[in-house]
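Enquirer: got a sequence here, can you build the structure:
(one chain, ligands or ions: 2)
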Amino acid sequence: MLANEGKHLDPDGAYLALVASRDDVAIASELERLDALQAFDGSDEALASYKGKYGICGVRSFSARSEDGERHAEIYRLEIETFPRHVNNVYAICSVHEERPFYLLFDVGSGLPSSQRDLDLAFAVMTTMFGRPFSLAEVDECVVSHAHSDHCGGVTILKETTRAKLAVHELDARVIDGFEERVVLVTKDLEVFWRRAGVPAEQRGFMRDMYLAGKQLFRSVPIDRLLRDGDVVGPGFVVHHVPGHCPGLVCLQVYDTLLTSDHVLSRITPHQFPQSITPFAGLEHYFRSLAKIRALGGIRVAWGGHEEPITDLRTRIDEIEAFHRERLDRVLAICARPCTVHDVAIALFGERSGYDVILAVDEAGAHVEYLHQVGKLRVHNLAEVEAAEGDPVFKYQTKSAVPAPAA
Ligand SMILES: [Zn+2]
Ligand SMILES: [Zn+2]
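Expert: Ligands and ions are numbered 1, 2, ... in the order given. So this is what the prediction gives:
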């Protein structure tokens with residue numbers, strides 16, 4: 001394995017670097033793991049224990065069971081570097097009841113060389129260290145959780161080189177099978193949003209170039225199956241449509257395990273952008289989708305599209321919702337004096353650079369949009385907006401509290 005798929009790895013060097021950076025390992029709360037690695041004696045028991053707890057080369061294995069205990073599936077979490085220093089969890093799911101196992105891939109990485117390299121390595125680890133031979137050639141069906149390139153960019157290679165059927169929610173299908181159209185339209189919509197948000201012209205040009213950089217890497221591919229809420233994939237895995245972070249985002253329920261993709265993550269709160277850019281995005285949809293997943297029964301553990309597993313999904317959902325409610329309160333306070341979305345972004349996040357500027361304006365825009373939708377903000381410069389040609393800058397102001405009705 002080290003001679004082929006793992007030839008870029010340097011286990012001895014990596015081990016020395018880890019030991020030397022013990023302080024950094026402590027900051028990442030991984031000291032226990034480093035100690036386990038240092039105490040490793042090469043025995044089968046030590047290997048099984050380490051592998052079960054931490055996995056190997058980013059591959060972790062766990063199993064999902066149906067409520068009656070009749071059915072189960074093996075799930076492998078594969079850590080893939082999809083963009084420089086950006087890691088995704090891809091899931092290889094094997095249902096082993098049938099005469100021939102059913103192999104499902106949930107997400108497929110970005111398709112960039114690092115992403116394909118890590119997939120190959122992960123499959124080699126599954127084969128040699130976990131005794132489950134696997135490769136892209138085995139995949140029966142690939143469900144793309146949503147049409148963000150770190151999760152779905154690899155569909156081009158998948159469709160062009162394997163027999164795997166590609167499934168995606170119908171609201172994200174136009175991005176996968178009409179990518180060129182999508183890039184043109186979303187660029188126009190972003191331009192309108194940024195103008196109205198009050199982003200200065202020279203910064204808009206820079207943001208546009210940054211947004212388009214890398215978009216040439218992907219090509220449209222045909223989709224084999226359009227998914228809808230409640231659909232069943234494979235031998236009984238259920239699709240839950242959760243618009244918000246992305247219009248066609250789906251969670252996949254594999255018996256007592258929920259793969260949440262970017263809907264719920266263990267540490268960071270998933271990025272939000274306004275539905276004025278794309279219908280079915282926006283905070284209103286996101287809150288509803290959080291409530292929908294919170295109400296699901298029988299989930300023992302959830303695994304996101306990034307980061308670590310979530311053992312208490314409802315508590316994590318409550319934390320994420322509270323985080324946004326608090327941010328909404330901050331936006332109301334900021335808009336006590338009239339503000340553009342760009343002003344709100346700077347007040348929330350400070351002056352940012354690079355791609356962070358786009359993310360900050362998106363995030364501020366999603367919160368301002370929600371507050372406007374629910375009647376807590378009003379457009380302050382309405383006469384100016386009415387008289388202007390093209391796309392004028394909008395300034396928002398917090399409405400004074402409506403007095404409670406007299407008892
Ligand atoms: Zn995403
Ligand atoms: Zn993601």
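Enquirer: interface residues of the protein facing ligand 2?
Expert: Neighbours of ligand 2 within the chain, by C-beta under 5 Å from the ion: 150, 262, 305. Heads up, the C-betas are built off the backbone N, CA and C, glycines and all.
Enquirer: write the PyMOL selection for whichever of these are buried.
Expert: Only the buried entries of those go into this PyMOL selection, using 16 or more other C-beta atoms under 10 Å:
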select buried, resi 150+262+305
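Enquirer: now do the end-to-end distance for stretch 92-105.
Expert: Separation of the first and last residues of stretch 92-105 by C-alpha to C-alpha, to the nearest Å is 5 Å.
Enquirer: could you give me the average pLDDT of it?
Expert: Average pLDDT, stretch 92-105: 89.
Enquirer: could you list the buried residues of stretch 386-393?
Expert: Buried, per 16+ other C-beta under 10 Å, within stretch 386-393: residue 393.
Enquirer: what's it in contact with?
Expert: Contacts of stretch 386-393 from elsewhere in the structure, counted by C-beta atoms under 8 Å, 6 or more residues apart in numbering, are 192, 195, 196, 197, 198, 340, 381, 384, 385.
Enquirer: so how far is residue 192 from the residue in the stretch 1-150 of the chain positioned nearest to ligand 2?
Expert: Per C-beta to the ion, residue 150 is where the stretch 1-150 of the chain lies closest to ligand 2, at 5.0 Å. Separation of residue 150 from residue 192 (C-beta to C-beta, to the nearest Å): 26 Å.
Enquirer: could you pull out the helices in the stretch 251-400 of the chain for me?
Expert: 283-294, 313-334, 341-349, 355-373, 382-387 (DSSP state H, counting those that start in this stretch).
Enquirer: apologies, that question was intended for the stretch 101-250 of the chain.
Expert: Under DSSP H, counting those that start in this stretch, the stretch 101-250 of the chain gives helices at 113-129, 149-152, 155-161, 173-177, 179-196, 201-212.
Enquirer: output the helices of the stretch 251-400 of the chain as TSV; include the columns distance to residue 129 and mean pLDDT.
Expert: Shown next, in TSV, are the helices of the stretch 251-400 of the chain (distance: least, C-beta to C-beta, whole Å; pLDDT from 0 to 100):
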stretch	distance to residue 129	mean pLDDT
helix 283-294	32	98
helix 313-334	29	98
helix 341-349	42	97
helix 355-373	36	95
helix 382-387	61	95
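Enquirer: in JSON lines: the ones you listed, plus distance to residue 241.
Expert: JSON lines is the format used below for the helices of the stretch 251-400 of the chain (distance: least, C-beta to C-beta, whole Å):
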{"stretch": "helix 283-294", "distance to residue 241": "8"}
{"stretch": "helix 313-334", "distance to residue 241": "16"}
{"stretch": "helix 341-349", "distance to residue 241": "28"}
{"stretch": "helix 355-373", "distance to residue 241": "19"}
{"stretch": "helix 382-387", "distance to residue 241": "35"}
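Enquirer: how deep is the closest residue to residue 31 other than its chain neighbours tucked in, by neighbour count?
Expert: Closest residue to residue 31 apart from its sequence neighbours, by C-beta to C-beta, 6 or more residues apart in numbering: residue 25 at 5.8 Å. Using other C-beta atoms under 10 Å, residue 25 has 17 neighbouring residues.
Enquirer: for residue 25, what are its contacts?
Expert: So residue 25 contacts 18, 31, 34 (C-beta under 8 Å, 6+ apart).
Enquirer: cool, and residue 337?
Expert: residue 397.
Enquirer: just read off the phi/psi values of it.
Expert: Backbone torsions of residue 337, given as degrees, to the nearest 10, read phi -100, psi 150.
Enquirer: please report how far it lies from residue 360.
Expert: Residue 337 is 20 Å from residue 360, by C-beta to C-beta.
Enquirer: between the helices of the stretch 101-250 of the chain, which one is closest to residue 396.
Expert: helix 179-196 (10.6 Å; C-beta to C-beta).
Enquirer: buried set for the closest one?
Expert: Here helix 179-196 shows 179, 182, 186, 190, 191, 193, 194, 195, 196 as buried, counting by 16+ other C-beta under 10 Å.
Enquirer: right, and the first one touches residue 220 too?
Expert: Put plainly, it is residue 179. Yes - counting by C-beta atoms under 8 Å, residue 179 touches residue 220, with 4.4 Å between them.
Enquirer: mind listing the strands for the stretch 1-150 of the chain?
Expert: Under the criterion DSSP state E, counting those that start in this stretch, the stretch 1-150 of the chain contains strands at 59-65, 72-83, 86-95, 102-106, 141-144.
Enquirer: ok, which of those comes nearest residue 202?
Expert: strand 72-83 (26.1 Å).
Enquirer: is the closest one anywhere near ligand 1?
Expert: No - judged by C-beta under 5 Å from the ion, strand 72-83 makes no contact with ligand 1; its nearest approach is 10.9 Å.
Enquirer: distance from the chain centre to that strand, please.
Expert: Distance of strand 72-83 from the chain centroid (C-alpha atoms, centre = their mean, to the nearest Å) equals 14 Å.
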